[in-house]
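Q: Curious how this folds, go ahead:
(one chain, ligands or ions: 1)
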Amino acid sequence: MATGRGLFVSFEGGEGAGKSTQIRRLAESLRQKGHQVLLTREPGGSPGAEALRHVLLSGAAEAFGVRMEAMLFAAARADHLETVIRPALVNGQIVLCDRFVDSSRVYQGVTGNLEPALMAALERVAVGETMPDLTLILDLPADVGLARARRRAGERSETSAPDRFEREDTDVHEKRRQAFLDIAQREPARCRVVDASLDVDRIAKDIVAEVTLVLAQRGGFARPETAASR
Ligand code: T5A
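A: As a prediction, the model looks like this:
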């Protein structure tokens with residue numbers, strides 16, 4: 001469980017699933033209701049982690065192998081948690097994070113074929129007890145997501161090249177889709193699968209409903225700090 005009194009929500013899913021679109025919509029909706037919201041992303045979210053984001057997404061680390069990449073993702077995550085996420089949670093904010101540890105489990109663990117023991121060790125060191133309270137998995141066929149990502153890249157001339165992970169084959173992306181669904185099945189208390197093939201407004205409504213439910217279960221918003229969560 002997340003540390004402190006705030007709420008920690010992560011968004012996960014394949015390329016072009018609509019995470020960035022929906023996280024912005026949710027932040028806007030929560031702020032309108034008077035909540036303090038921190039919108040952040042991985043890899044990145046803190047100065048140290050943003051420096052590693054460039055190394056990872058440009059493909060500069062690819063030559064050194066998936067093991068090295070997994071360690072860099074974990075290092076970025078540790079810094080992001082320490083300097084940005086945990087302080088915000090302690091201050092009672094709602095933290096919305098575009099990708100988190102499930103992306104490492106799927107991209108490096110499942111399709112990177114890294115040993116479960118290494119993945120578990122990295123997760124223990126980087127994340128510790130600070131798992132999201134709620135993880136929204138935006139699900140849609142990989143080819144639909146990739147087509148959306150390509151369309152968007154075409155609209156932004158300066159960033160039109162696909163990143164290191166977008167370049168991979170569609171069947172790898174489809175395997176990732178299944179791996180996210182497997183996580184949702186294994187951890188139903190934390191994860192909700194959202195149909196990301198619907199239109200933007202309908203998905204936004206479904207997501208607000210999920211978050212409202214979690215907030216209501218916690219009796220409004222603030223979760224009392226306990227000795228175990230400090
Ligand atoms: N990674 C990350 C790892 O390998 N391990 C890790 O531990 C972590 C944290 C990050 C990459 O790093 C990898 C995974 C990734 O490959 P990134 O640049 O942050 O890369 O990109 P992604 O997280 O993959 O996100 P994308 O930018 O590709 O897609 P989003 O955010 O899911 O989608 P979004 O919202 O930008 O939408 C894409 C396009 O579709 C449209 C949007 O307008 C946009 O043009 N769209 C819709 N169109 C139709 N219907 C809808 N419902 C739509 N929703 C959005």
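
Q: how about the helices in the protein?
A: For the chain, the helices identified by DSSP state H occupy 19-32, 47-58, 66-80, 86-90, 101-103, 116-126, 142-155, 170-186, 200-217, in order along the chain.

Q: middle-most residue in this structure, spatially?
A: Most central in the chain under CA atoms, centre = their mean is residue 99, positioned 1.5 Å from the mean C-alpha point.

Q: if I look at residue 129, how far off is residue 16?
A: 32 Å (CB to CB, to the nearest Å). Every C-beta, even on glycine, is put in place using the N, C-alpha and C of the backbone.

Q: The two - which one has more neighbours?
A: Counted by other CB atoms under 10 Å, residue 129 and residue 16 do not tie: residue 16 has more neighbours, with 25 against 10.

Q: pretty sure that one contacts residue 152?
A: Yes: the pair formed by residue 16 and residue 152 meets the contact definition of CB atoms under 8 Å, at 7.0 Å.

Q: one step back: single out the most deeply packed of the helices of the chain.
A: helix 101-103 (a mean of 24; mean count of other CB atoms under 10 Å).

Q: just checking, what packs against it?
A: Under the contact criterion of 3 or more CB pairs under 8 Å, 6 or more residues apart in numbering; DSSP states H and E, the helices and strands touching helix 101-103 comprise strand 7-13.

Q: Could you check the angle the strand it packs on makes with helix 200-217?
A: Angle, strand 7-13 to helix 200-217, by axes from the mean of the first three to the mean of the last three CA atoms, to 10 degrees: 150 degrees.

Q: pLDDT averaged over strand 7-13 - what is it?
A: Average pLDDT, strand 7-13: 98.

Q: mind checking how far that strand is from the chain centre?
A: Chain-centre distance of strand 7-13: 5 Å, with CA atoms, centre = their mean, to the nearest Å.

Q: that older thread, what sits against the residue nearest to the centre of the chain?
A: Counting by CB atoms under 8 Å, 6 or more residues apart in numbering, residue 99 touches 10-12, 19, 41-43.

Q: wait, does the lowest-mean-pLDDT helix or strand in the chain contact the ligand?
A: Among the helical and strand segments of the chain, the one scoring lowest on mean pLDDT, DSSP states H and E is helix 142-155, with a mean of 88. Yes: applying CB under 6 Å from any ligand atom, one finds helix 142-155 in contact with the ligand at 148-149, 151-152.

Q: ditto for stretch 188-206
A: Yes: using CB under 6 Å from any ligand atom, a contact is recorded between stretch 188-206 and the ligand, made by 199-200, 203.

Q: Dump these into CSV; add pLDDT and distance to residue 166 as well.
A: Output for those, formatted as CSV (pLDDT from 0 to 100; distance: CB to CB, whole Å):
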residue, pLDDT, distance to residue 166
199, 97, 23
200, 98, 21
203, 98, 21
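
Q: List just the nearest of those residues to residue 123.
A: Within those, proximity to residue 123 (CB to CB) peaks at residue 203, which comes in at 28.4 Å.
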